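In: Dropping the sequence and predicted coords here.
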Amino acid sequence: MKDIRTLKIDSGDYDSLNSLEYHQLLELESFVSCNLEEECDDNSSHIYFDHEDGKVVNLSLVSCSLSLVPNVVWKFKMLKDLDLDRNAIETIPNSIENLKFLEVLSVADNKLESFPESLSKVRSLKSLNLANNNIISMPDSIGNLKLLSHLSLNNNRLKTLPESIGKLESLETFYLKNNRLKNLPESFGSLKNLKETSIRNNQLKTIPVSIGNLKNLSFFSLANNDLEQLPTTLGEMESLKSLWLDGNKLKELPSSIANLKSLRKIQLRGNPLKSIPDALIKDTISIV
């Protein structure tokens, strides 16, 4: 990506960049410079971008001391990738729906206290990272993001997930570690394309029976929860290769776990297990 301060009026970059977008970048640079406490040298900037056909398509505003997103950002109508990590942003305005082509959004390490309802209007989103915020809840409208394939909500304060989460049928990776979840909605089993999920370091006491419907899931971490038992449907997860159950309260495992033909690694330490099923004791499975 290009440093905004490398743009010069007589440079090739400027010649290939739409004039309006060029001046919008200058406006953005001015706004951000006023926010930064430290002085930037003349040869570097906190703003980076890429452009295609004269329009800005990738924009990075990482560590710019922003408490809000500058309005000029919403004027880059062809944006596909927007990175707002490591700021102090508290909310995302409805103006984000102007970005009709936005596919990747990262607002990690900010000060969001709720999942921005405005994001549910960005139907083009494929990757969303909201890790390391203070999000307590998610709106039902999350189910509108039908194209979403990656969602990270690690290190927040979530206690529940809405049933509408099951509508995210394109989701392949879903990260929820270090939250306060006590249960998962039954609709979790509707995430039919899910391949990898970590829900470690939560307060789960059970997982839904529908979990057996996750036929494409290969990595599943439930470490450091309060699980006392697992549903028999666990054995129906035919693609599961790695299962982390360490740090729970499991006294036994369902016999159906023997049906996990793809299983290669299972972590069980830190559980009061009375025994381990014979079916797991084989050269092809690593037990930790």
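Out: Perfect, I can see it now.

In: tally of neighbours for Val288?
Out: By other Cβ atoms under 10 Å, 10 other residues sit near Val288. For every residue, glycine as well, the C-beta is placed using N, CA and C.

In: can you tell me which residues contact the residue nearest to it when sequence neighbours are not counted?
Out: Among residues not flanking Val288 along the chain, Gln267 sits closest, at 4.5 Å (Cβ to Cβ, 6 or more residues apart in numbering). Contacts for Gln267 (Cβ atoms under 8 Å, 6 or more residues apart in numbering) come out as 223, 243-246, 287-288.

In: which residue ranges form the helices in this structure?
Out: 12-16, 19-35 (DSSP state H).

In: Tell me the spacing between the residue nearest to Val288 and Lys215.
Out: 22 Å (Cβ to Cβ, to the nearest Å).

In: Run through the stretch 1-150 of the chain and note the low-pLDDT ranges.
Out: Within the stretch 1-150 of the chain, the stretches with pLDDT under 70 are 1-15, 35-45.

In: Where do the strands of the stretch 151-288 of the chain begin and end?
Out: With strands called from DSSP state E, counting those that start in this stretch, the stretch 151-288 of the chain shows them at 173-175, 196-198, 219-221, 242-244, 265-267, 286-287.

In: a markdown table for those strands, including mean pLDDT and distance to Tyr48?
Out: Formatted as a markdown table, those follow (pLDDT from 0 to 100; distance: least, Cβ to Cβ, whole Å):
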| stretch | mean pLDDT | distance to Tyr48 |
| --- | --- | --- |
| strand 173-175 | 98 | 25 |
| strand 196-198 | 97 | 29 |
| strand 219-221 | 97 | 32 |
| strand 242-244 | 95 | 35 |
| strand 265-267 | 91 | 39 |
| strand 286-287 | 80 | 42 |
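
In: any chance of those strands in TSV, with distance to Pro185 too?
Out: Shown next, in TSV, are these (distance: least, Cβ to Cβ, whole Å):
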stretch	distance to Pro185
strand 173-175	13
strand 196-198	14
strand 219-221	17
strand 242-244	21
strand 265-267	25
strand 286-287	31
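
In: out of these, nearest to Asn144?
Out: Among these, strand 173-175 comes nearest to Asn144, with 16.5 Å by Cβ to Cβ.

In: Okay, now the sheet partners of the closest one, with direction.
Out: When pairs are called by DSSP bridges, strand 173-175 turns out to pair with strand 150-152 (parallel), strand 196-198 (parallel).
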